[in-house]
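K.L.:
Below are the sequence and a predicted model for it; my questions follow.
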Amino acid sequence: MRRALKIVVGSLGAEHPNAQTVRQNYLGLLKALNVPESEWEERVRSAVAGE
């Protein structure tokens, strides 16, 4: 899912509706995996940056 977010944001831009959908799906996955909410935004930022 991290890779999908990086690819979609890289090709369409972060504000594109499809990129927003992938971002929301990634956040939903993090929540389902019981990742602490305090880590969500950092994980999204690192996925988009390709870290």
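P.N.:
Happy to help now that I have it. Residues are numbered from 1 along each chain as shown.
K.L.:
drop to CA atoms for contacts and neighbour counts, all remaining ones
P.N.:
Noted.
K.L.:
mind checking pLDDT for Gln20?
P.N.:
Note for Gln20: predicted pLDDT of 95.
K.L.:
OK, contacts around it?
P.N.:
Contacts were defined as Cα atoms under 8 Å, 6 or more residues apart in numbering; by that measure Gln20 touches Ala14.
K.L.:
which stretch of helix or strand covers Gln20?
P.N.:
Applying DSSP states H and E as the criterion places Gln20 in helix 17-32.
K.L.:
following that helix, which helix or strand comes up?
P.N.:
Downstream of helix 17-32, the first helix or strand assigned by DSSP H and E is helix 37-49.
K.L.:
Now do that next one: everything it contacts.
P.N.:
Residues outside helix 37-49 that contact it (Cα under 8 Å, 6+ apart): 2-3, 5-6, 9-10, 23, 26-27, 30-31.
K.L.:
In the protein, where is pLDDT below threshold?
P.N.:
51 (pLDDT under 70).
K.L.:
Give me the distance between Ala4 and Arg23.
P.N.:
Distance check for Ala4 against Arg23: by Cα to Cα, to the nearest Å, it reads 9 Å.
K.L.:
Could you check which of those two is surrounded by more residues?
P.N.:
Legend: neighbour count by other Cα atoms under 10 Å for Ala4 and Arg23, higher for Arg23 (23 against 15).
K.L.:
Of the contacts of helix 37-49 - the most surrounded one?
P.N.:
Neighbour counts for the contacts of helix 37-49 (other Cα under 10 Å) peak at Leu5, which has 26 neighbours.
K.L.:
you'd agree that residue is up against Thr21?
P.N.:
No: with contacts defined as Cα atoms under 8 Å, Leu5 does not count as touching Thr21, sitting 9.3 Å away.
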